[in-house]
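Engineer: Need a 3D model of the following:
(one chain, ligands or ions: 1)
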Amino acid sequence: MRQQGVMKASMTWSPAAGLNVVSVERGGQAWTITLGSQQLSVCPGCGARSKSRHSTYWRTLRDLSAQGAPVVINARLGRWRCRNQLCDRRIFTERVPGLASPFARRTVRLAEIVRLIGYNAGGRPSERLMKRLGMPVSDTTILAGLRKYAGARSETGSLASSVRVAGVDDWAWRKGHKYGTIIVDLERRAVVDVLADRSAATMTNWFRDHPNVDVVSRDRAGLYAEAAREGAPQAKQVADRFHLMQNFRETVERQLGGYEAPIRDSRISGGGNQALPALPARSDRRSDAVARTRLIRRDRQAVRQQIFNEIRALFEGGNSIGEIARKLGLGRRRVERWVRRIDVPDHNTMASTPSSPAYFGVLLERRWAEGITKVRHLFEEIRRRGYTGSFSHLARFLAPWRSGAPSLDDDEQEALAPVRVRTLDAMTGRAISPLIAAALCIKPRGQMTARQAASVDALKAGSAEFTTMRRLAMQFRGVLRSGTTERLDAWLTDARASGIYAMQRFAKTIHQDLEAVRNAVSEPWSNGQTEGQINKLKTLKRAMYGRAGVDLLRARMMPL
Ligand SMILES: [Zn+2]
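Structural biologist: The predicted structure follows:
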């Protein structure tokens, strides 16, 4: 009798309301549950009940596993006639609301689990996990489901259309080559969208589709600023404080590395189109020839500097190397070499992994100070210690450390060769690189180790320029925290009067984006959380190898 009771209980169990279990069988590999059709059904067209069955058909659904084994539901469902004269439908198929959507091959609850695991673990790992759990599903199906779900959600636009405070930033498909855009709802701390490119046009359209945006937090003045002006003129723009400090650091680094000093001739470093002295009409005497050579060289330097400025403007404006090369009619490799001097290692190097040279920064610094500067040697050494990145990545990482200009053509190197003051680390007696010195320059003393503080003191003692830049850095930090914009104006005046090219340039950039920088001082918003989302995106991108399309990244970045 007891056995009978168990049997009866299992027979009344049903995968969904209104369906009755006809049989439950355990085969070699899976459970098969056969369900019987209802006695009557409701027309999806008009809602009228029908008792008139036309025919039956079998529908097969996969369900959650039982005892670790797959579960297959075979439901014998009806095709029914609608007898309502006013209804367009003559025949309809029986639905199983709550169990599965009309054309699905999985039950709703299984589809949810697949999506949840796929979202968190990605395609291949989910495939393995689901197989182990008795719910086999291929990674392509998992990923297709995720994409479809995210696509449907961004079409209904529930999340995106209501975003009021948008944090916008770029992320690299391939650093220095191809960038995408991420948009975060700063109020809800959720990713709103991931765009395949970094262009003013795409972003402008995005803003036009999202008219509720009141505040746009973005990095430097450039294409996002332009896009917001164009597509969201109602919105207040806020320059991101973190990026401002990083821009400051990069400016300091260029100054210390000598990259910032354009060329020694002040007439040219003014940046305008000042006329160069005319060449002497005749140059038969030797001294004339020398003077002439010098003038030609100076002329070429001016041209180079101009090209460099244009490349930098385009690069900082978000253009890829390919685009810059096309626009300026230059060779791609040449642009690449020049961009390397602008594109100093980004601010995420702190949170680095063994695939990044920054992970071995301390070791590299030490070797560098010991005079080992050949990329090949350093590459071998860190590879033995677990470096998984590429040779060229390391070469790019080291490029700003070279005391001369990086590997430009020989005469370019001469033209732009920096005058460097090498300050030695107080503890080790080794040179402090511009990279480290710049990072120290903007770091508050309260956050420093004793050794860092000693280095700062040494740098200050060795360079009046460093001392001034450090004072300005600390004051700038104070301005950003102060919440009052008056101090910003005073700071700008101070920076302009400092006599240091980099500080004047930085002040000029701030001035060009003054409204947004003022807002950065007075508004609470910043892109701090956007950085976090970008790190997550990078991790996802790496985990998906080359297979990550933007739709998939979007699907996995937006909240489920
Ligand atoms: Zn009907």
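Engineer: what bits of the protein have low per-residue confidence?
Structural biologist: Filtered on pLDDT under 70, the chain yields the residue ranges 1-15, 154-160, 175-176, 220-221, 258-303, 316-318, 340-352, 403-430, 545-547.
Engineer: Close to the ion: what parts of it are there?
Structural biologist: Applying C-beta under 5 Å from the ion, one finds that the chain approaches the ion through Cys43, Gly45, Cys46, Cys82, Asn84, Cys87, Arg89. (C-beta placed from N, C-alpha, C; glycine too.)
Engineer: Chain neighbours aside, what residue packs nearest to the fourth one?
Structural biologist: Distance criterion C-beta to C-beta, 6 or more residues apart in numbering; nearest residue to Cys82, sequence neighbours excluded, is Cys43 at 4.3 Å.
Engineer: Check the third one too.
Structural biologist: Leaving out its chain neighbours, the residue that sits closest to Cys46 by C-beta to C-beta, 6+ apart is Cys87, at 3.9 Å.
Engineer: now swap in Gly151 and tell me
Structural biologist: Per C-beta to C-beta, 6+ apart, closest to Gly151 is Asp551, 7.0 Å.
Engineer: can you check Val215 too?
Structural biologist: Nearest non-adjacent residue to Val215, counting by C-beta to C-beta, 6+ apart: Val165, 4.4 Å away.
Engineer: At which residues are the strands of this structure located?
Structural biologist: Taking DSSP state E, the strands of the chain run over residues 20-26, 31-36, 41-42, 49-50, 53-66, 69-81, 91-93, 165-174, 178-185, 190-195, 215-218, 236-239.
Engineer: domain ranges for the protein?
Structural biologist: 2-153, 157-239+526-557, 241-258+418-525 (automatic domain parsing).
Engineer: from memory Leu186 sits against Val165, does it?
Structural biologist: Yes. Counting by C-beta atoms under 8 Å, Leu186 touches Val165, with 4.3 Å between them.
Engineer: Compare these two (neighbour count), which wins?
Structural biologist: Ranked by neighbour count (other C-beta atoms under 10 Å), Leu186 and Val165 place Leu186 first, with 24 against 21.
Engineer: give the contact list for the residue lying closest to Gly68 once chain neighbours are set aside.
Structural biologist: Leaving out its chain neighbours, the residue that sits closest to Gly68 by C-beta to C-beta, 6+ apart is Gly134, at 4.6 Å. Residues near Gly134 by C-beta atoms under 8 Å, 6 or more residues apart in numbering: Ser65, Ala66, Gln67, Gly68, Ala69, Pro70, Val71.
Engineer: quick one: Val216 from Val184, how far?
Structural biologist: When distance is defined by C-beta to C-beta, to the nearest Å, Val216 is 11 Å away from Val184.
Engineer: Please enumerate the shared neighbours of those two.
Structural biologist: With contacts defined as C-beta under 8 Å, 6+ apart, the residues shared by Val216 and Val184 are Ala166, Val168.
Engineer: Can you give me the distance of Ser55 to the ion?
Structural biologist: Look at Ser55 and the ion: by C-beta to the ion, to the nearest Å, they are 17 Å apart.
Engineer: is it true that that residue touches Trp80?
Structural biologist: No. Between Ser55 and Trp80 there is no contact under C-beta under 8 Å: 9.1 Å.
Engineer: Who has more neighbours out of the two?
Structural biologist: Of the pair Ser55 and Trp80, Trp80 is the one with more neighbours under other C-beta under 10 Å, namely 25 against 10.
Engineer: which non-adjacent residue is nearest the more buried one?
Structural biologist: Distances taken as C-beta to C-beta, 6+ apart place Ser50 nearest to Trp80, at 4.4 Å, with adjacent residues excluded.
Engineer: wait, what's in contact with the residue nearest to Cys46?
Structural biologist: Contacts here follow C-beta under 8 Å, 6+ apart; on that basis Cys87 touches Cys43, Gly45, Cys46, Ala48.
Engineer: Name the pair among those residues with the greatest separation in space.
Structural biologist: Maximum pairwise distance in the contacts of Cys87, criterion C-beta to C-beta, is 8.4 Å, between Gly45 and Ala48.
Engineer: joint contacts of these two?
Structural biologist: In terms of C-beta under 8 Å, 6+ apart, Gly45 and Ala48 are both contacted by the residues Cys82, Cys87.
Engineer: and stretch 183-201, how far apart are its ends?
Structural biologist: 15 Å (C-alpha to C-alpha, to the nearest Å).
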